[in-house]
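K.L.:
return atomic coordinates for the entry below.
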Amino acid sequence: MNIEEHLSLGEFHVSNLIRNHISRGSPKQALVLYGGIRSKGVFFPGWVPLLLKACACVAPRVVLGKLLHSESIKFGICSDVMVGSSLISMYGKWGCIVSARKVFDEMPERNVATWNAMIGGYMGNGDEVSASGLFEEISGSRNTVTWIEMMKGYGKRNEIEKAKELFERMPLELKNVKAWSVMLRVYVSNREMDDARMFFEDIPEKNSFIWSLMISGYFRIGDVREATAIFYRVCSRDLVIWNTLITGYAQNGYSDDAIDAFYKMQGEGYEPDAVTVSSVLSACAQSGRLDVGRDVHSLVYHKGIELNQFVSNALIDMYAKCGDLENATSVFESLSQRSVACWNSMISCFAIHGKGKEALEMFRTMESLDTNPDEITFMAVLTACAHGGFLMEGLKIFLEMTQKDVKPNVKHFGCLIHLLGRSGKLKEAYKLIREMPVKPNDTVLGALLGACKVHMDTEMADQVMKIIETTGSITNSDSENHLVSISNLYAHAERWETSETIRVEMEKRGLEKSPGFSSLVLI
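P.N.:
Residues are numbered from 1 along each chain as shown. You can find the predicted model right below:
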């Protein structure tokens with residue numbers, strides 16, 4: 001349906017459409033719709049609070065937010081309590097607390113929602129003093145949300161005791177299920193699951209959200225067993241609880257359990273939604289279950305599940321990791337709007353399957369369409385360069401990364417060092433290790449040691465070994481492989497004494513050379 005058709009159905013229809021976009025987690029779509037309608041010269045004041053809410057839900061859209069603020073002044077609705085409260089909430093979520101306070105101070109009339117928005121803005125931006133001042137100022141008019149805004153702020157600041165004290169001060173008649181769930185979230189978000197469990201057991205009325213909070217909390221700390229036990233305590237499960245279980249399994253690497261839960265959920269009569277399929281597709285990608293992934297894709301199509309950015313990215317990622325490049329590309333090309341995550345999945349897909357040129361081409365296409373790459377994008381394209389041996393392209397892309405204010409981490413440096421080492425630029429790789437702003441880890445030093453072995457450069461190996469001795473960088477499970485490789489390098493160069501010294505060091509660390517196996521092929 002085009003803009004004219006939407007307008008022909010009236011203001012109420014458009015308001016519902018905007019509201020639906022926001023409730024489905026697609027605030028950008030609401031703003032796109034508004035932009036199209038406004039371009040036709042149409043404006044309904046009743047849309048402003050909804051649009052301000054949409055602005056607050058996405059990354060700061062300062063220009064659009066201020067435009068809506070200006071239009072609310074122009075049309076004489078800025079003094080409306082609902083509009084003013086929405087403006088305060090929007091500015092507060094963006095961190096523009098001075099603008100929020102200006103709106104608050106200039107409002108001729110305020111209600112408790114206005115005060116709550118301002119208190120939430122202060123707490124969300126770390127200004128406990130100002131928030132507490134307002135909180136005490138309206139002591140006689142506080143509602144449940146007023147207390148909740150303060151507790152949420154303390155939780156965000158990891159001040160659990162202050163949140164707990166506030167909850168205990170809260171009048172009993174205001175302690176509804178929402179208040180209990182907010183305090184539980186404070187414990188869960190700070191990984192205090194023992195305290196969360198004791199608090200949870202005292203909650204008089206447990207709704208679906210509270211059960212899901214506990215399940216996700218245990219999954220978050222990797223306690224899959226306890227998360228599953230909580231799930232089986234739920235007498236009346238719904239889609240939210242099933243999704244929490246499936247997502248938790250997938251995020252903890254229990255892919256088979258996630259897939260089993262997905263089928264059990266449907267067996268109990270629950271229809272999967274976008275969250276369900278995104279999670280189970282992630283499980284399929286982990287376990288290489290292309291068969292299940294294809295079934296899920298078919299289900300998305302036949303059930304009419306929204307192909308949002310999360311589902312689209314999950315499909316691309318699943319097909320890519322399962323080796324089905326044709327379907328990964330097909331899904332990607334079918335998208336009218338592509339998120340950075342979708343671009344990243346496709347670039348990674350080409351990179352891991354040895355299609356370095358295609359990965360580079362896609363990266364350049366992405367840039368030409370004004371989609372800003374992030375650190376994951378650069379990691380994927382640098383990996384493609386490392387695998388393909390594209391030295392000049394890799395150096396150029398690494399430079400672009402710093403120019404775009406994307407801070408390289410140790411993994412990015414590791415890719416570049418691998419690329420330099422593979423190209424025989426061992427001195428340049430060593431210089432980069434010495435100058436990089438982060439401590440070299442096992443992967444970085446291992447990449448250079450591997451290059452030393454390939455190019456039989458014992459002098460450079462000596463230098464790398466000095467770094468290892470100074471920093472103690474190689475300490476993880478890959479230690480044995482790296483030390484065995486370098487020992488073999490010295491042995492090949494007939495530096496027997498050095499080779500034996502490394503072997504002795506391995507024994508001190510409790511590392512033993514894995515026994516080799518030989519096999520006879522009988523013809």
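K.L.:
in what helix or strand does F262 lie?
P.N.:
Assigning secondary structure by DSSP states H and E places F262 in helix 255-267.
K.L.:
which strands and helices sit next to that helix?
P.N.:
helix 239-251, helix 274-287 (3 or more CB pairs under 8 Å, 6 or more residues apart in numbering; DSSP states H and E). (Glycine included, C-beta is placed from N, CA and C.)
K.L.:
nearest to N409, out of those?
P.N.:
Between N409 and the helices and strands packed on helix 255-267, the tightest spacing by CB to CB is seen for helix 239-251, at 21.3 Å.
K.L.:
the closest one to helix 274-287, inter-axis angle?
P.N.:
Here the directions of helix 239-251 and helix 274-287 differ by 20 degrees (axes from the mean of the first three to the mean of the last three CA atoms, to 10 degrees).
K.L.:
residues contacting helix 239-251, please?
P.N.:
With CB atoms under 8 Å, 6 or more residues apart in numbering as the test, helix 239-251 has contacts from 208-209, 211-212, 215-216, 218-219, 224, 227-228, 231, 234, 255, 257-258, 261-262, 265, 270-273, 275-276, 279-280, 282-283, 286.
K.L.:
what subset of these is buried?
P.N.:
Among the contacts of helix 239-251, those scoring as buried are 211-212, 215-216, 218-219, 224, 227-228, 231, 234, 255, 257-258, 261-262, 265, 270, 272-273, 275-276, 279-280, 282-283, 286 (criterion: 16 or more other CB atoms under 10 Å).
K.L.:
which residues are contacting stretch 347-359?
P.N.:
316-317, 319-321, 323, 325, 328, 362-363, 366, 377, 380-381, 383-385, 387-388, 390.
K.L.:
for H353, grab the count of nearby residues.
P.N.:
17 (other CB atoms under 10 Å).
K.L.:
sorry, slip of the keys, the one I care about is E109.
P.N.:
9.
K.L.:
need the three-state assignment for it.
P.N.:
coil (DSSP: H, G, I helix; E, B strand; the rest coil).
K.L.:
skip the chain neighbours and tell me the closest residue to it.
P.N.:
V81 (5.7 Å; CB to CB, 6 or more residues apart in numbering).
K.L.:
residues contacting the one you found?
P.N.:
So V81 contacts M107, E109, R110, N111, A113, T114 (CB under 8 Å, 6+ apart).
K.L.:
rerun at 10 Å
P.N.:
Under the criterion of CB atoms under 10 Å, 6 or more residues apart in numbering, the contact list for V81 reads P49, M107, P108, E109, R110, N111, A113, T114.
K.L.:
looks like the last one contacts E106 (just checking).
P.N.:
Looking back up the chat, that one is T114. No: judged on CB atoms under 10 Å, T114 makes no contact with E106 at a distance of 11.5 Å.
K.L.:
and for the two, which residues touch both?
P.N.:
G84.
K.L.:
which of these two has more neighbours?
P.N.:
T114 (22 against 10).
K.L.:
check contacts around that one.
P.N.:
Applying CB under 10 Å, 6+ apart, the residues near T114 are V81, M82, G84, S85, S86, L87, I88, S89, V103, F104, M107, I138.
K.L.:
G304: which of the residues you listed is nearest?
P.N.:
Nearest to G304 among these, counting by CB to CB, is S86 at 32.4 Å.
K.L.:
wait, isn't the closest one in contact with A117?
P.N.:
Yes: assessed by CB under 10 Å, S86 is found in contact with A117 at 7.9 Å.
K.L.:
how distant is stretch 14-31 from the center of its chain?
P.N.:
Using CA atoms, centre = their mean, to the nearest Å, the distance from the centre of stretch 14-31 to the centre of the chain it belongs to is 22 Å.
K.L.:
show me where the stretch 351-500 of the chain has its strands.
P.N.:
Per DSSP state E, counting those that start in this stretch, the stretch 351-500 of the chain carries no strands over any range.
K.L.:
any stretches of it with poor pLDDT?
P.N.:
Along the stretch 351-500 of the chain, the model assigns pLDDT under 70 to residues 468-500.
K.L.:
what segments of it are helices?
P.N.:
Secondary structure of the stretch 351-500 of the chain (DSSP state H, counting those that start in this stretch): helices at 356-368, 375-388, 391-403, 410-422, 426-435, 442-454, 458-471, 479-492, 496-508.
K.L.:
buried subset of the contacts of V81, written for ChimeraX?
P.N.:
Listed next is the ChimeraX selection for buried residues among the contacts of V81, using 16+ other CB under 10 Å:
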select :49,107,110,113,114
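K.L.:
so which of the contacts of V81 comes closest to G76?
P.N.:
P108 (12.4 Å).
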